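Chemist: got a sequence here, can you build the structure:
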Amino acid sequence: MGQNTNIRGIVQAAVAMTTVGTLTAVSATVSRYPVYGGQAVRYAVAAVILLGVARLRGPRPGPSARWEWPLLAALAATGLAGFNVCIVEGTHYTSPATIGTVVGSVPVVLAVAAPLMEGRRPAARIVAAAAVVTAGAALANGLGGGSLPGLLLALGALAGEVCFSLLALPLLPRLGAVRVSAYSAAAAVPMLLAAGLAVDGTSVLRVPTRGEVAGLGYLSLVVTAGAFIVWYDALGRIGADRAGLFAGLIPVSAVATTVVLGLRSPGMAELGGALLVGLGVIVGLRRSAERPLAVAAPADDHDPAHDEEGHQDQAHDDQHPEDRRFVAEKAADHGV
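Modeler: Okay, the predicted model is just below:
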């Protein structure tokens, strides 16, 4: 553990949220595919990949029917399926910028909620840093207006984003990042198909075009399977409150991706927002005397301290996936 764990966790959190930010540009390739059906396909493919990875890593106890399966179902219902439903339906009532700005407050929520789950007081420095990151993310994303239903749905998306991390915390020490990602993704598939059938009927699924196959493949393999594992592993290394700061990188990454692809140039607000995000992350990651940066060694590292039964003091750390302000913009294009 120690410094190497700290550095690895920081890098993983940054990589995970930066990867999620690339989804905005990729969404254009699947903008015409049925939204809920596309999400169901995305999570189904990711679940198959993740379950294969878990099998290669060797045998391990599965979820306990007593409490872990219900918690995984709640994670899938809120942090995956529920998040997407709120994002998609919210764009019918308000702008993607408004939804993105509301969801962008996830660093502040995690900075307060994660320590409370551990039975300790939130660190003033991290809360302040999270506020700076949130302000920078909102500036980079842009503000907008909308109706009361749009605001309520945006708040629902925020709740889903927070649950994506917080509900995973009790599961990670025993199941590990790979299995938590695999089981939650698999559980979200029937939920999204049900929503798709209600909205699109029999058109919920269709044969994708070649470009849509590439886009859905990227979303499944990189943004879901890859980013989920990296994000959940980071939570056990640096803590949810600190990891949550990196959610501010999502809109910054989205802007950078559009620039790299030559779609447009960033404005002054986007550049200023990126600077604020960077400042907030730097301030929040500074070591504090009362709490070291490393919180726990992730179970997926097969640390001898984690026995087969998982009887180990667990690290209460953060979600991603997927703070996703970028997803709001993508949802408007029906590329969630």
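
Chemist: now do the longest helix anywhere in the chain: distance to the chain's middle.
Modeler: Taking DSSP state H as the criterion, the chain has its longest helix at helix 172-200. Helix 172-200 sits 13 Å away from the centroid of its parent chain (CA atoms, centre = their mean, to the nearest Å).

Chemist: toward the C-terminus, what is the element adjacent to that helix?
Modeler: helix 210-218 (DSSP states H and E).

Chemist: off-centre distance for the helix or strand following that following helix?
Modeler: Using DSSP H and E, the helix or strand that follows helix 210-218 in sequence is helix 227-238. From the chain centre to the centre of helix 227-238 is a distance of 10 Å (CA atoms, centre = their mean).

Chemist: how many neighbours does residue 14 have?
Modeler: 18 (other CB atoms under 10 Å). C-beta coordinates here come from the backbone N, C-alpha and C atoms, glycine included.

Chemist: now residue 130
Modeler: Quick note: residue 130 (other CB under 10 Å) scores 30 neighbours.

Chemist: ok, it touching residue 107?
Modeler: Yes: taking CB atoms under 8 Å as the definition, residue 130 is a contact partner of residue 107 at 3.8 Å.

Chemist: can you check which residues contact both of those two?
Modeler: 244, 245, 280 (CB atoms under 8 Å, 6 or more residues apart in numbering).

Chemist: wasn't residue 129 part of a strand?
Modeler: No: Residue 129 is assigned helix when assessed by DSSP: H, G, I helix; E, B strand; the rest coil, not a strand.

Chemist: quick one: it and residue 276 touch, right?
Modeler: No: between residue 129 and residue 276 there is no contact under CB under 8 Å: 10.6 Å.

Chemist: those two: who's more crowded?
Modeler: Neighbours per residue (other CB under 10 Å) separate residue 129 from residue 276, with residue 129 holding more: 27 against 21.

Chemist: list the residues that contact the more buried one.
Modeler: Here residue 129 is in contact with 111, 245, 280, 281, 283, 284, 285 (CB under 8 Å, 6+ apart).

Chemist: do that again at 7 Å, thanks
Modeler: 245, 280, 283, 284 (CB atoms under 7 Å, 6 or more residues apart in numbering).

Chemist: now for the residue lying closest to it once chain neighbours are set aside: which residues touch it?
Modeler: Excluding the flanking residues, the one nearest residue 129 by CB to CB, 6 or more residues apart in numbering is residue 284, at 3.1 Å. Residue 284 makes contacts with 125, 126, 129, 130, 242, 245, as judged by CB under 7 Å, 6+ apart.
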